[in-house]
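# quick check, what structure comes out for this input:
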Amino acid sequence: MNEMKPIHDGSTDIDPVWAGDGADIPEWFAWALSVPREEGFVEVGGARVHYLRWGRRDRPKLLMTHGFLAHARCFAFIAPYLAEDYDVVAFDLAGMGDSEMRGVADIAARGKEFVEISEALDLFADGSRPTIIAHSFGSGAALTAVSQSPDAFAGVIVCDLMVMRPEKLEKYWTMGRSSPGSGNPDKPVRRYPTYEAARERYILSPPQAVGEPFLMDYMAYHSLRRDGEEWTWKFSSEVFRRSNKPDEWLTVGQRLVDAPGRKAIVYGEKSQLFDRDSARYIRELGGGKIPIVAVPDARHHLMLDQPLAFVAALRAVLAFWSL
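Numbering: from 1, shown residues only. Reported below is the predicted structural model:
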């Protein structure tokens, strides 16, 4: 069963709980959320999958998803800038955002989610092959998707996926840092007496300041849900029930290069997880023809640092591929 809300704009995302009177909301963000969109759920494997959709159905397809423990609204202010030329879908991975957890959270299951949502929303209709745009952990899942179904997708734009030389990554881990997807699946999701108490606990991984602080408030609010008199995170602790073996990350650069089809990389120039040396490493692994675009003055969460520059980078890659 599919549940689709009538097409409307995203202005309801601007809630006084996080935005106050809205006086600090910039015009570009207000415009993005004013663009008509469809919001709904499709059923996959007995679980509801949440999505947002912009643009015309007769346009080329874009399929977007987010990083670990994030949600599709990290693209809610990016996708509208692509909607004039594309049919754009952003979806919540299973157990994150407003999507229910289903099955297991291993790497193969994550890859299958891209085909499942595409089939449910008819993105393959008339021979269409969506282009995937994914951030961080979602990019790793996207690489699995194109490897599992090489003829299903037109390409993948990998956005600030953690790629380092093995020796550099092992040093990174010794500094007390963890890889995306790390956590205890048996630990209950925390609950808080007030929204303010929950908001104080919202941090990015890896931790960073952001160029547009109001976007942190936006992302935090939509990462939480009210449960009675308390607030809690939307994600399911089952998302941590996965192997997350070091080898998965030590070899991710080669996986990226070897993945079938067109690939491009967009990263934050100040990112801790992908930098100029990562770009050289990709070239050395055989990815010399993969376009690699750095977004100036952006860190790992590049859509929160330089959202409009991020849009420009995506437009540039898509325009190049359309030639």
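# ok, now which ones touch the closest residue to residue 206 other than its chain neighbours?
For residue 206, ignoring the flanking residues on the chain, the nearest one in space by Cβ to Cβ, 6 or more residues apart in numbering is residue 272 at 5.2 Å. Glycine gets a C-beta too; all of them are placed from N, C-alpha and C. By Cβ atoms under 8 Å, 6 or more residues apart in numbering, residue 272 lies in contact with 206, 208, 299-300.
# pull the helix or strand with minimum mean pLDDT from this protein.
None of the helices or strands of the chain scores lower by mean pLDDT, DSSP states H and E than strand 3-4, at a mean of 64.
# quick check: buried residues in the helix or strand just after it?
Downstream of strand 3-4, the next assigned helix or strand under DSSP states H and E is helix 16-19. Within helix 16-19, the residues scored as buried using 16 or more other Cβ atoms under 10 Å are 18-19.
# same deal with stretch 142-157?
Going by neighbour count (16+ other Cβ under 10 Å), the buried part of stretch 142-157 is 142-146, 149, 152-157.
# number of residues surrounding residue 243?
Residues near residue 243, counting by other Cβ atoms under 10 Å, number 11.
# which parts of the protein are strands?
3-4, 38-44, 47-54, 61-65, 87-91, 131-135, 155-159, 191-192, 224-227, 230-233, 262-268, 292-295 (DSSP state E).
# redo the ones you listed as JSON lines? Include distance to residue 199.
What follows is the strands of the chain, written out as JSON lines (distance: least, Cβ to Cβ, whole Å):
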{"stretch": "strand 3-4", "distance to residue 199": "29"}
{"stretch": "strand 38-44", "distance to residue 199": "23"}
{"stretch": "strand 47-54", "distance to residue 199": "22"}
{"stretch": "strand 61-65", "distance to residue 199": "24"}
{"stretch": "strand 87-91", "distance to residue 199": "23"}
{"stretch": "strand 131-135", "distance to residue 199": "22"}
{"stretch": "strand 155-159", "distance to residue 199": "25"}
{"stretch": "strand 191-192", "distance to residue 199": "9"}
{"stretch": "strand 224-227", "distance to residue 199": "8"}
{"stretch": "strand 230-233", "distance to residue 199": "9"}
{"stretch": "strand 262-268", "distance to residue 199": "24"}
{"stretch": "strand 292-295", "distance to residue 199": "27"}
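# residue 183 is nearest to which of those?
With Cβ to Cβ as the criterion, residue 183 lies closest to strand 230-233 of the strands of the chain, at 11.5 Å.
# the closest one - which strands sit beside it in the sheet, and in what orientation?
Within its sheet, and counting by DSSP bridges, strand 230-233 is paired with strand 191-192 (antiparallel), strand 224-227 (antiparallel).
# which among the contacts of residue 272 gets closest to residue 119?
Proximity of the contacts of residue 272 to residue 119 (Cβ to Cβ) peaks at residue 300, which lies at 31.1 Å.
# you'd agree the closest one is up against residue 137?
No: contact criterion Cβ atoms under 8 Å: residue 300 and residue 137 do not qualify, at 11.1 Å.
# now do the residue sitting nearest the centre point of the chain against residue 319, distance only.
The centroid of the chain falls nearest to residue 66 when counting by Cα atoms, centre = their mean (1.2 Å). From residue 66 across to residue 319, the span is 24 Å (Cβ to Cβ, to the nearest Å).
# give me the neighbour count for the closest residue to residue 149 other than its chain neighbours.
Distance criterion Cβ to Cβ, 6+ apart; nearest residue to residue 149, sequence neighbours excluded, is residue 115 at 5.4 Å. As a burial measure, residue 115 scores 18 neighbours (other Cβ under 10 Å).
# who's in contact with the residue lying closest to residue 218 once chain neighbours are set aside?
Distances taken as Cβ to Cβ, 6+ apart place residue 18 nearest to residue 218, at 6.2 Å, with adjacent residues excluded. When contacts are counted by Cβ under 8 Å, 6+ apart, residue 18 touches 199, 217-218, 220-221.
# need the contact list for the residue nearest to residue 134 when sequence neighbours are not counted.
Take residue 134 and drop its neighbours on the chain: the residue closest to it by Cβ to Cβ, 6+ apart is residue 142, 4.1 Å away. Residue 142 makes contact with 65, 111, 114, 132, 134, 156, 158 under the criterion Cβ under 8 Å, 6+ apart.
# what about stretch 233-251, start to end distance?
31 Å (Cα to Cα, to the nearest Å).
# residues in contact with it?
Contacts of stretch 233-251 (Cβ under 8 Å, 6+ apart): 68-69, 71, 93-98, 100-101, 104-107, 140, 162, 166, 169-170, 173, 179, 181-190, 198, 223-225.
# quick revisit: can you pick the most crowded of the contacts of residue 18?
residue 218 (24 neighbours).
# doesn't residue 13 make contact with it?
Yes: taking Cβ under 8 Å as the definition, residue 218 is a contact partner of residue 13 at 7.1 Å.
# quick check: neighbours shared by those two?
In contact with both residue 218 and residue 13: residue 73, using Cβ under 8 Å, 6+ apart.
# that'll do, ta.
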